[in-house]
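Student: dropping the sequence and predicted coords here.
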Amino acid sequence: MADTGDLAAEREAVIREAALAASRRRRNATGDSAYFCRSCGERIPDGRREAVPGTNVCGFCARQLSGTK
Ligand SMILES: [Zn+2]
């Protein structure tokens, strides 16, 4: 039986890596932030987009992706 904790951690690592890579690409290209969270699809508040240049996830997902629980 698979350990769901391991699976979740593995999926998180993949998502985090993809997010970081996309973030780096985006930052290098324009420094613009995404309008919609690439993780959950929710709109990213303008305040966050301005406060975190190049971000492409909402605050909630950023916390999830950073491993803060
Ligand atoms: Zn999100």
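Tutor: Here it is on my side, so go on.
Student: OK, contacts around the residue most central in space within the chain?
Tutor: Most central in the chain under C-alpha atoms, centre = their mean is V57, positioned 4.0 Å from the mean C-alpha point. Contact partners of V57, counting by C-beta atoms under 8 Å, 6 or more residues apart in numbering, are A19, A34, C37, R38, S39, C40, I44, L65. Backbone N, C-alpha and C define where each C-beta goes, glycine included.
Student: give me that answer again for 10 Å
Tutor: 15-16, 19, 22-23, 33-34, 36-40, 42, 44, 48, 63-66 (C-beta atoms under 10 Å, 6 or more residues apart in numbering).
Student: taking those residues one by one, which sit in strands?
Tutor: Judged by DSSP state E, the subset of the contacts of V57 located in strands is empty.
Student: only the buried subset of those, as a PyMOL command please.
Tutor: Selecting only the buried entries of the contacts of V57 in PyMOL, with 16 or more other C-beta atoms under 10 Å as the criterion:
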select buried, resi 15+16+19+23+33+34+37+38+39+44+64+65
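Student: if you skip the residues just before and after it, what's nearest to R48?
Tutor: Counting by C-beta to C-beta, 6 or more residues apart in numbering, R48 lies nearest to G59, which is 5.5 Å off, once chain neighbours are set aside.
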